[in-house]
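1. following is a predicted model, sequence given first.
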Amino acid sequence: GLKHDGIDIFERYFDGSDDQVRITVDNSTMDIGSAFTIECWFYYDNFIADASICQRGGGGGAWNGTDGVYYGLSFYNNKLNWIFQHSAGSNTYMGTTGLPRYNQWNHVAVSYDGTNTALFLNGVRENSSTASYVTVTNRDRFVIGTGQVNNWAAHADFVGNIADFRISNSVRYDPTQTTC
């Protein structure tokens with residue numbers, strides 16, 4: 001299920017037609033801290049470009065330093081990407097080396113230790129960065145199973161299962177290691 005300091009939502013199938021789990025507008029509970037891990041298991045039936053596993057933000061703004069998208073896991077450019085705001089006020093894409101396995105369970109984790117961020121896929125570090133994070137002033141929404149822009153208009157809906165989604169305010173996987 002979804003876990004964030006006690007919140008738990010169990011495995012869910014997303015059919016690609018506006019299925020999503022939403023957390024309220026501008027809820028600071030879903031902010032990432034000075035150290036964090038975001039992880040889940042996913043099984044996707046169909047690759048859809050720009051489909052998102054999760055996304056924080058996306059109200060009226062674009063990727064910028066004060067409003068809009070803050071972080072997310074999305075399929076883009078034939079990769080699974082961790083996308084986030086960094087301290088310079090623009091976005092950073094950290095992608096896997098290729099697409100995750102179709103019709104099989106995959107585990108994805110993003111871990112940040114205060115200096116280093118790593119994107120892990122099925123236990124192997126696929127990418128890393130030392131860019132720092134910013135908290136946008138208008139944090140807006142948090143969703144699982146889609147991305148969003150401009151007040152819930154779907155960016156691209158995920159097709160498949162998402163299970164054991166967790167956001168932790170701690171480092172569960174060392175981002176300086178090559179495996180987790």
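-> Yep, that arrived.
2. where's the residue nearest to A51 when sequence neighbours are not counted, which helix or strand?
-> Spatially, and ignoring its direct neighbours in sequence, A51 is nearest to A156 (4.3 Å; CB to CB, 6 or more residues apart in numbering). Where you see a C-beta, it was placed from the backbone N, CA and C, and this is true even at glycine. Assessed by DSSP states H and E, A156 sits inside strand 153-157.
3. check I162 too.
-> Per DSSP H and E: I162 is located in strand 159-168.
4. packing partners for that strand?
-> Contacts defined by 3 or more CB pairs under 8 Å, 6 or more residues apart in numbering; DSSP states H and E place strand 159-168 against strand 12-15, strand 36-44.
5. may I have that strand exported as CSV, CA atoms only?
-> Included here for strand 159-168 are C-alpha records, laid out as CSV according to Å, rounded to 0.1, in the frame of the first residue of the first chain:
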residue,chain,number,x,y,z
VAL,A,159,-1.9,1.3,-17.2
GLY,A,160,-1.1,-1.6,-14.8
ASN,A,161,-0.7,-2.3,-11.1
ILE,A,162,1.1,-0.2,-8.4
ALA,A,163,1.7,-1.8,-5.0
ASP,A,164,3.5,-1.0,-1.8
PHE,A,165,3.9,2.7,-2.6
ARG,A,166,6.0,4.3,0.1
ILE,A,167,7.4,7.7,0.9
SER,A,168,9.8,7.8,3.8
